[in-house]
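Enquirer: This is the structure alone, sequence omitted:
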């Protein structure tokens, strides 16, 4: 699987977050989903995939812009606050790379069709499981 420079930050994000969010869960499934996601990212893109990247970037931007202004971090320790700022910077870089993968200057996502990050990730998880089950059969 050839990796472009645009795929390296999302790869790092997926691997780093898998360790953080999968704690206590079956890591084999998470690794399988990460591999499937990376395989789908390296495939030839069609309009639908570009729209998916565009929507992902839009949802990600909504998520980090909301948490960038999160006042709960004001009472945090200096180390926690520093980690929060690092995460926001990292999410901004990921957002920039997703926009690059989408190849669009603006995203034609209507306000009514925008979803929360949780909804988006749940749909992505479902899609990846369907793709993986098709590959295994």
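Expert: That came through, no problem. In this text, all values refer to a predicted model and were calculated from it rather than measured experimentally. Residues are numbered from 1 along each chain as shown.

Enquirer: so where's the protein shaky on pLDDT?
Expert: 1-50, 64, 66-76, 103-120, 135-137 (pLDDT under 70).

Enquirer: Show the subsequent helix or strand relative to the lengthiest helix in the chain.
Expert: Counting by DSSP state H, the longest helix found in the chain is helix 78-102. Sequence-wise, the next helix or strand downstream of helix 78-102 (DSSP states H and E) is helix 117-136.

Enquirer: tell me which strands and helices the longest helix of the chain is in contact with?
Expert: Packed against helix 78-102 by the contact rule (3 or more C-beta pairs under 8 Å, 6 or more residues apart in numbering; DSSP states H and E) you find helix 8-21, helix 47-68. In short, each C-beta sits where N, CA and C put it, glycine included.

Enquirer: how far away is residue 81 from residue 52?
Expert: As judged by C-beta to C-beta, to the nearest Å, residue 81 and residue 52 stand 33 Å apart.

Enquirer: Give me the more crowded residue out of these two.
Expert: For residue 81 versus residue 52, the count of surrounding residues by other C-beta atoms under 10 Å is larger for residue 52: 20 against 13.

Enquirer: in the longest helix of the chain, what counts as buried?
Expert: Buried residues in helix 78-102, defined by neighbour count with 16 or more other C-beta atoms under 10 Å: 84, 88, 90-91, 94-95, 97-102.

Enquirer: Any chance of the residues you listed in CSV with distance to residue 61 as columns?
Expert: Listed next are the buried residues of helix 78-102 as CSV, based on distance: C-beta to C-beta, whole Å:
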residue, distance to residue 61
84, 17
88, 12
90, 14
91, 9
94, 10
95, 5
97, 12
98, 9
99, 9
100, 14
101, 14
102, 12
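
Enquirer: Which of the residues you listed sits closest to residue 63?
Expert: Nearest to residue 63 among the buried residues of helix 78-102 is residue 91, at 7.3 Å by C-beta to C-beta.
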